[in-house]
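Trainee: Can you look at this prediction? I've put the sequence above it.
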Amino acid sequence: MKVLISDHLDERCAAILRAEQCEVDDRPGLGHAELLNVIGSYDALIVRSATTVDAGVIERGTRLKMIGRAGTGVDNIDVEAATRRGILVMNTPGGNTISAAEHTVSMMLALARNIPQAHMSLARGEWDRKRFVGTEVFEKTLGVVGLGKIGREVASRCRALGMTVLGFDPVLGPEAVSKLGIESVSIDELVRRSDFITVHTPLTEETRGLLGEEAFAQCKRGVRIINCARGGIVDEAALLRALESGQVHGAALDVFEHEPPKNNPLLAHPHVVATPHLGASTEEAQGKVALQIAHQLADALHGRAYTGVVNGAVMQMTLNEELRPLVRLAECMGSMSVQLSSGPLRRISVIAEGDPAAGSLELLKAGVLKGILSHVVPEPVNFISAPHLAAELGLVVAEGREPPPGQGGSQVKLRFETDAESHTIKGAVFGASLIRLVGLDGFRFEVNPDGYCLIYNNLDKPGILAQVSAILAHHSVNIAGLSLGRTSAGGEALTLMSLDGPLSKECLAELSRLADVRRIRLVRFDV
């Protein structure tokens, strides 16, 4: 595996990967144009924040399997483009937690006591103590927006400083928040009650401009704002207006909407403390994230584990030995559905029966979609890209759970619809790893999904099987297995033949001329 490191990282990162039999090119400071030229030679790319991995880089990275970000955020990586291409994107959550939390508290204290401004004044030869009178944080109220790892660490440190801590997090419930010694409140209550507000959320469409004109208007007059998370969460234009009006007394900013900031009036404001995105810039944090991303990448490349994956939660599940037969079964059923369909699939429903299938629906859906799309799109499809590609194609995917089958174990049911028809396939896992197709449109049978399978409907009467077998023998096609299903004696029947090879057009045409045989289909299982 060839790995490119395009940003400055601890040299131990490359050493670990080389010890894992990877060929590593350590090229920090690589420009975007040069990256476009060379990325096609690499299986994996590791970056920090300097390298922008946009759709153009991903398009040129024809061999790319993984992109690793030595840090928490992935806003410099086009995750959607990577997902569409089936490229794993991973980060290193937790590696810089302590450094980011400590920097946040440092910024808050510097803001409260005007430390940078006082230092610059003293450096100019001034001794102006009255101008830099600050405020204590003791017994003040801190509002923490986002209670992930960093937000929780900030809250813990600020409680030790004697602050009352309010917290808002759309995921954590009130009970979980209260166990942290934090009062759980709505975002509106948080901005109304806080003396200091610090944000620790990712930058998304929902959080962009979260602290803006409306929020500042609700704040206490003289509130102080800290942003060491991501630029854009705080609306900089609104912040400047609030600073000039005095509604916001001061702000501490480590991140900006555009980095590096150019001609940003906030940097010149006397009540703003600013640093150049230093939240994770400690020796300890840089060492941790470099080691962490190296181990994560090596584990993923060798199929040992998938840690810190941003866009492929199901990948870790694929390593579970108990689930692997279910994954193979789901792929086979997806492949079969698209080959049986007379038109484009419009909707599918994946129904799990029994454990462990019922607890693995996301994985089963990804497997079914992988099986379907491998016949539909020209590019390779994997568990990461399959759901994204299905959504692009307008395929509606539903899911469900049903009670376990009578004989126990796990079964999977796949309903699939086109504009003209709908069908249901049923599959099962027997024992630890034996996968079988056991039903199609109400017919019960048992077939090993391997190689080629001839499927046809026929009247349940003597002689038809002999006629079909004779035609196959005439065309030198060997029958490897046979399963029959019927609704009733003399009624509708379904025959499935496992074959050792494909059928020629001439053979299929001859079979189609049989009077009592209809809906002849040949399915190939490649899983």
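Mentor: Now that the structure is in, tell me what you want to look at.

Trainee: Could I get the pLDDT score of the closest residue to residue 433 other than its chain neighbours?
Mentor: Excluding the flanking residues, the one nearest residue 433 by Cβ to Cβ, 6 or more residues apart in numbering is residue 325, at 4.6 Å. C-betas here are computed from N, CA, C, even on glycine. Model confidence at residue 325, given as pLDDT, is 92.

Trainee: List phi and psi for residue 462.
Mentor: phi -60, psi 150 (degrees, to the nearest 10).

Trainee: what's the burial count for it?
Mentor: 6 (other Cβ atoms under 10 Å).

Trainee: re the thing from before, give me every residue that touches the residue nearest to residue 433.
Mentor: 429, 432-435 (Cβ atoms under 8 Å, 6 or more residues apart in numbering).

Trainee: State the pair within these that is farthest apart.
Mentor: Spanning the widest gap among those are 432 and 435, at 10.7 Å by Cβ to Cβ.

Trainee: More neighbours: which of the two?
Mentor: It is residue 435, of residue 432 and residue 435, that has more neighbours when counted by other Cβ under 10 Å, with 25 against 9.

Trainee: Give the bridge partners for the more buried one, please.
Mentor: With DSSP bridges applied, residue 435 shows beta-bridge pairing to residue 429.

Trainee: does it really touch residue 446, like I thought?
Mentor: No - using Cβ atoms under 8 Å, residue 435 is not in contact with residue 446, being 10.8 Å away.

Trainee: where do the contact lists of these two overlap?
Mentor: With Cβ under 8 Å, 6+ apart as the test, residue 435 and residue 446 reach no residue in common.

Trainee: Please enumerate the strands of the stretch 401-527 of the chain.
Mentor: 410-417, 422-430, 434-440, 443-447, 451-459, 479-486, 492-499, 517-525 (DSSP state E, counting those that start in this stretch).

Trainee: swap that for the stretch 51-200 of the chain, please
Mentor: 66-69, 88-90, 141-145, 164-168, 183-184, 196-199.

Trainee: What of the stretch 251-400 of the chain?
Mentor: Counting by DSSP E, counting those that start in this stretch, the strands of the stretch 251-400 of the chain are 272-274, 347-353, 396-402.

Trainee: Dump those to a markdown table, plus distance to residue 143.
Mentor: Putting the strands of the stretch 251-400 of the chain into a markdown table (distance: least, Cβ to Cβ, whole Å) gives the following:
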| stretch | distance to residue 143 |
| --- | --- |
| strand 272-274 | 18 |
| strand 347-353 | 42 |
| strand 396-402 | 38 |
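
Trainee: Adding distance to residue 204 and mean pLDDT, write those out as JSON lines.
Mentor: Listed next are these as JSON lines, based on distance: least, Cβ to Cβ, whole Å; pLDDT from 0 to 100:
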{"stretch": "strand 272-274", "distance to residue 204": "24", "mean pLDDT": "98"}
{"stretch": "strand 347-353", "distance to residue 204": "28", "mean pLDDT": "93"}
{"stretch": "strand 396-402", "distance to residue 204": "23", "mean pLDDT": "91"}
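
Trainee: If you count neighbours, what's buried in the longest helix along the chain?
Mentor: Secondary structure of the chain per DSSP state H: the longest helix is helix 283-301. Neighbour-count burial for helix 283-301, counted by 16 or more other Cβ atoms under 10 Å, picks out 285-286, 288-301.

Trainee: any chance of the strands of the stretch 51-200 of the chain in CSV, with mean pLDDT, mean neighbour count and distance to residue 401 too?
Mentor: Shown next, in CSV, are these (pLDDT from 0 to 100; neighbours: other Cβ atoms under 10 Å; distance: least, Cβ to Cβ, whole Å):
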stretch, mean pLDDT, mean neighbour count, distance to residue 401
strand 66-69, 96, 26, 32
strand 88-90, 93, 26, 28
strand 141-145, 97, 25, 36
strand 164-168, 96, 23, 33
strand 183-184, 95, 18, 32
strand 196-199, 98, 26, 38
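
Trainee: wait, which of the ones you listed is closest to residue 336?
Mentor: strand 88-90 (27.7 Å).

Trainee: Not counting its own residues, what contacts the closest one?
Mentor: By Cβ under 8 Å, 6+ apart, strand 88-90 touches 65-69, 74, 77, 79, 82-83, 293, 296-297, 300, 306-312, 315, 384.

Trainee: Quick one: residues contacting residue 192.
Mentor: 218-220.

Trainee: likewise residue 73?
Mentor: Contacts of residue 73 by Cβ under 8 Å, 6+ apart are 49, 91, 202-203, 230.

Trainee: any idea how far it is from residue 262?
Mentor: Per Cβ to Cβ, to the nearest Å, residue 73 is found 21 Å from residue 262.

Trainee: chain center to stretch 422-437, what's the gap?
Mentor: 28 Å (Cα atoms, centre = their mean, to the nearest Å).

Trainee: Show me what counts as buried in that stretch.
Mentor: 425-429, 435-437.

Trainee: before we move on, what about stretch 443-451?
Mentor: Buried residues in stretch 443-451 (16+ other Cβ under 10 Å): 443, 445, 447-449, 451.

Trainee: What score does the residue nearest to residue 337 when sequence neighbours are not counted have for pLDDT?
Mentor: Of all residues not flanking residue 337 in the chain, residue 416 sits nearest, at 4.3 Å (Cβ to Cβ, 6+ apart). pLDDT, residue 416: 95.

Trainee: and residue 416, what is it in contact with?
Mentor: Listed by Cβ under 8 Å, 6+ apart, the contact partners of residue 416 are 337-338, 341, 345, 347-349, 422-425.

Trainee: Mind putting those into JSON lines with distance to residue 191?
Mentor: Conversion of those to JSON lines gives the following (distance: Cβ to Cβ, whole Å):
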{"residue": "337", "distance to residue 191": "51"}
{"residue": "338", "distance to residue 191": "51"}
{"residue": "341", "distance to residue 191": "53"}
{"residue": "345", "distance to residue 191": "48"}
{"residue": "347", "distance to residue 191": "44"}
{"residue": "348", "distance to residue 191": "44"}
{"residue": "349", "distance to residue 191": "44"}
{"residue": "422", "distance to residue 191": "51"}
{"residue": "423", "distance to residue 191": "54"}
{"residue": "424", "distance to residue 191": "52"}
{"residue": "425", "distance to residue 191": "53"}
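
Trainee: Looking at the buried residues of helix 283-301, which is nearest residue 38?
Mentor: Set against residue 38, the nearest of those by Cβ to Cβ is residue 297 (18.2 Å).

Trainee: circling back to that earlier point, quick one: closest of the strands of the stretch 401-527 of the chain to residue 168.
Mentor: Among the strands of the stretch 401-527 of the chain, strand 410-417 sits nearest to residue 168 (Cβ to Cβ), with 40.5 Å.

Trainee: Run me through the strand neighbours of the closest one, direction for each.
Mentor: strand 347-353 (antiparallel), strand 422-430 (antiparallel).

Trainee: Could you tell me which residues within it count as buried?
Mentor: So strand 410-417, judged by 16+ other Cβ under 10 Å, has buried residues 410-417.

Trainee: Give me the distance between the residue nearest the centre of the chain and residue 363.
Mentor: Taking Cα atoms, centre = their mean, the centroid of the chain lies closest to residue 311, which sits 1.8 Å from it. Distance of residue 311 to residue 363, computed by Cβ to Cβ: 15 Å.

Trainee: Same check on residue 195?
Mentor: Counting by Cβ to Cβ - residue 195 and residue 363 are separated by 47 Å.

Trainee: okay, those two: which has more neighbours?
Mentor: Each of residue 195 and residue 363 has its neighbours counted (other Cβ under 10 Å); residue 363 has more, 24 against 20.
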